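*Asks:* Predicted structure and sequence below. I'll ask about it afterward.
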Protein chains: 2
Amino acid sequence: MRKRAENSPRLTAAARRAQLIEVGRAVFAEMGYEATAVEEIAARAGVSKPIVYEHFGGKEGLYAVVVDREVEYIVTRIVESVSTGSARERVEQSVLAFLTYVKERPEGFAVLLRDSPLSKQSHQMPALMYELADRIGEIFTEQFKMAGFDAKTAPIYAHALVGMVSFVGRWWTETQKPPPAETVASHIAALAWMGLRHLPKHPAPVVRKPTP
Amino acid sequence: MRKRAENSPRLTAAARRAQLIEVGRAVFAEMGYEATAVEEIAARAGVSKPIVYEHFGGKEGLYAVVVDREVEYIVTRIVESVSTGSARERVEQSVLAFLTYVKERPEGFAVLLRDSPLSKQSHQMPALMYELADRIGEIFTEQFKMAGFDAKTAPIYAHALVGMVSFVGRWWTETQKPPPAETVASHIAALAWMGLRHLPKHPAPVVRKPTP
DNA sequence: GCGTAAGTTACCTACCAGTAACCTACGGTC
DNA sequence: GACCGTAGGTTACTGGTAGGTAACTTACGC
């Protein structure tokens, strides 16, 4: 790592910053926040550590930028998907949007699945996907109100749906011979939609408790 | 931390070991694996650091024991729940078993939700819940085979169900005025059951693609 | 009163976030 | 075409923290 003028020329500040965000996302995805060393990011970018501090102020600064971009990206996609079509189309489009995100930005998805650094002080929210589920819950609440459903139950279904899609998404990325996104999305959307559609007004246990 | 003979007497090796597992689970749940210091665990147990090393060989040793116990505990509960009753009863009982676990062992659940230390080398499996989902997937595959369903689709539904229950479970624990476990379990089980029951043989997208 | 189980003090080592001070190549200017 | 300012970059260091260990000490049972 002596002479590096030939293999990696100097970049402009903007270009270097963009590159560091890319590299940072990859390393955070691979190692998790805590286990990531700033020097590792710098090394993979072909620069030295203080460059990272110059651009982002520190480890948390870079992490915040990476996370913010991912969350905004996927939330925007889902807001778009949920805003047109019939109710069922909205569900299916949202699920497909999420799976497309998982497929196209696997590293970003991995970052969102991992522990966040803030989780030590306020021990809530161990991973970003829960924050995302909360955001989706707000969207659902809005939609439930407009559609005349009980808005209080919206968070349950939002969390259930995000949980479903997250877990299936992870499984999907790690499967050797994965079915196409549309197929998986159809399955999940059908499951969720049919579940919602045939939901009784007041679900009650079907298990017969033994008489005391 | 000088004289501690009066407030915390010497324990037998077995008792100390059991206590350290309890304390370790709590600290890992609160801080996550990486951010947990062995000294913190030792201090909360009222002993010094080498005691932890004597019993478990190191941080990872204690973590492995904590995790193994939790996974075996919840898997056992679910295997029990899924082994009797009608198909729908099995679904509902399993969901209720999981939520009961979440309620009764919140620290164990929190540990399973967090990042695992093994995730840096084999970058798969960032959290233990995914391993649990895989285990449930095996159980489902068995059940699907016995019931005559397509066993290949079992993992999808297993991951979907575990994801649903995990996310709703976390939301449930953090809600100020949570509905009782039976109510939430009924909602989730109804959602899953009705979804499965009315699932078309070959789900297809309902979204009309614009003609090219 | 002695042997052993249970526990402690004090240390080493490695790593890592963050910083101060210095260097270099390029583009404009005369 | 030699000068020089500055953007982009480096080397070398500090302070703190945490995993792990060697050597020593205390209390209990026989």
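*Replies:* Done, it's in.
*Asks:* how about the residues of chain A that lie near DNA strand D?
*Replies:* By C-beta under 7 Å from any atom of the strand, the part of chain A that sits against DNA strand D consists of A:1-2, A:4, A:10-13, A:16, A:46-51, A:54. Any C-beta I mention is one placed from the backbone N, CA and C, and that applies to glycine too.
*Asks:* what bits of chain A have low per-residue confidence?
*Replies:* Judged against pLDDT under 70, the low-scoring parts of chain A cover residues A:1-8, A:118-125, A:195-212.
*Asks:* where do the helices sit along it?
*Replies:* Secondary structure of chain A by DSSP state H: the helices cover A:13-31, A:38-45, A:49-56, A:59-81, A:87-104, A:106-113, A:128-147, A:154-174, A:181-197.
*Asks:* Just name the most buried of those.
*Replies:* A comparison of the helices of chain A by mean neighbour count, using mean count of other C-beta atoms under 10 Å in any protein chain shown, puts helix A:154-174 on top with a mean of 25.
*Asks:* okay, the angle between it and helix A:181-197?
*Replies:* Counting by axes from the mean of the first three to the mean of the last three C-alpha atoms, to 10 degrees, helix A:154-174 points 150 degrees away from the direction of helix A:181-197.
*Asks:* chain center to helix A:154-174: distance?
*Replies:* Averaging C-alpha positions (C-alpha atoms, centre = their mean, to the nearest Å) puts helix A:154-174 10 Å from its chain's average.
*Asks:* re the thing from before, and of the helices of chain A, who's closest to B:Arg135?
*Replies:* Distance to B:Arg135, taken as C-beta to C-beta, is lowest for helix A:154-174 among the helices of chain A, at 12.7 Å.
*Asks:* just to revisit the earlier point, right, and the helices of chain A - which one's nearest B:Arg69?
*Replies:* Comparing these by C-beta to C-beta, helix A:154-174 comes nearest, at 22.7 Å.
*Asks:* elements contacting the closest one?
*Replies:* helix A:87-104, helix A:106-113, helix A:128-147, helix A:181-197, helix B:128-147, helix B:154-174, helix B:181-197 (3 or more C-beta pairs under 8 Å, 6 or more residues apart in numbering or on different chains; DSSP states H and E).
*Asks:* could you redo the ones you listed as TSV and give each row distance to B:Glu107?
*Replies:* As requested, these are exported to TSV (distance: least, C-beta to C-beta, whole Å):
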stretch	distance to B:Glu107
helix A:87-104	30
helix A:106-113	21
helix A:128-147	17
helix A:181-197	31
helix B:128-147	13
helix B:154-174	11
helix B:181-197	17
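*Asks:* so which of the ones you listed comes closest to A:Met31?
*Replies:* Nearest of the helices and strands packed on helix A:154-174 to A:Met31, taken as C-beta to C-beta: helix A:106-113 at 10.2 Å.
*Asks:* How many residues are close by the residue in chain A that DNA strand C sits nearest to?
*Replies:* Per C-beta to the nearest atom of the strand, A:Gly58 is where chain A lies closest to DNA strand C, at 3.0 Å. Counted with other C-beta atoms under 10 Å in any protein chain shown, the neighbours of A:Gly58 add up to 11.
*Asks:* now A:Lys152
*Replies:* 10.
*Asks:* just to revisit the earlier point, next up, the contacts around the residue of chain A closest to DNA strand C.
*Replies:* Applying C-beta atoms under 8 Å, 6 or more residues apart in numbering or on different chains, we find A:Gly58 in contact with A:Val38.
*Asks:* ditto for A:Val162
*Replies:* Counted by C-beta under 8 Å, 6+ apart, A:Val162 has contacts A:129, A:132-133, A:136, B:167.
*Asks:* how far away is A:Val79 from DNA strand D?
*Replies:* Between A:Val79 and DNA strand D the computed distance is 35 Å (C-beta to the nearest atom of the strand, to the nearest Å).
*Asks:* I misspoke; the intended subject was A:Ala64.
*Replies:* Plainly put, A:Ala64 is 21 Å away from DNA strand D if you go by C-beta to the nearest atom of the strand.
*Asks:* and what of A:Phe98?
*Replies:* Distance, A:Phe98 to DNA strand D, using C-beta to the nearest atom of the strand: 35 Å.
*Asks:* pretty sure that residue is touching A:Ile74, no?
*Replies:* Yes. With contacts counted by C-beta atoms under 8 Å, A:Phe98 reaches A:Ile74, the gap being 7.0 Å.
*Asks:* Closest one of the residues of chain A next to DNA strand D to A:Glu34?
*Replies:* A:Lys49 (17.6 Å).
*Asks:* quick one, what contacts the nearest residue in space to that closest one that is not next to it in sequence?
*Replies:* Counting by C-beta to C-beta, 6 or more residues apart in numbering or on different chains, the nearest residue to A:Lys49 once its immediate chain neighbours are dropped is A:Ala42, at 4.7 Å. Residues near A:Ala42 by C-beta under 8 Å, 6+ apart: A:48-49, A:51-52.
*Asks:* With A:Phe109 instead?
*Replies:* Here A:Phe109 is in contact with A:70, A:101-102, A:169-170, A:173 (C-beta under 8 Å, 6+ apart).
*Asks:* again, but for A:Gly163
*Replies:* A:Gly163 sits in contact with A:133, B:163-168, where contact means C-beta under 8 Å, 6+ apart.
*Asks:* With that, I have no additional questions.
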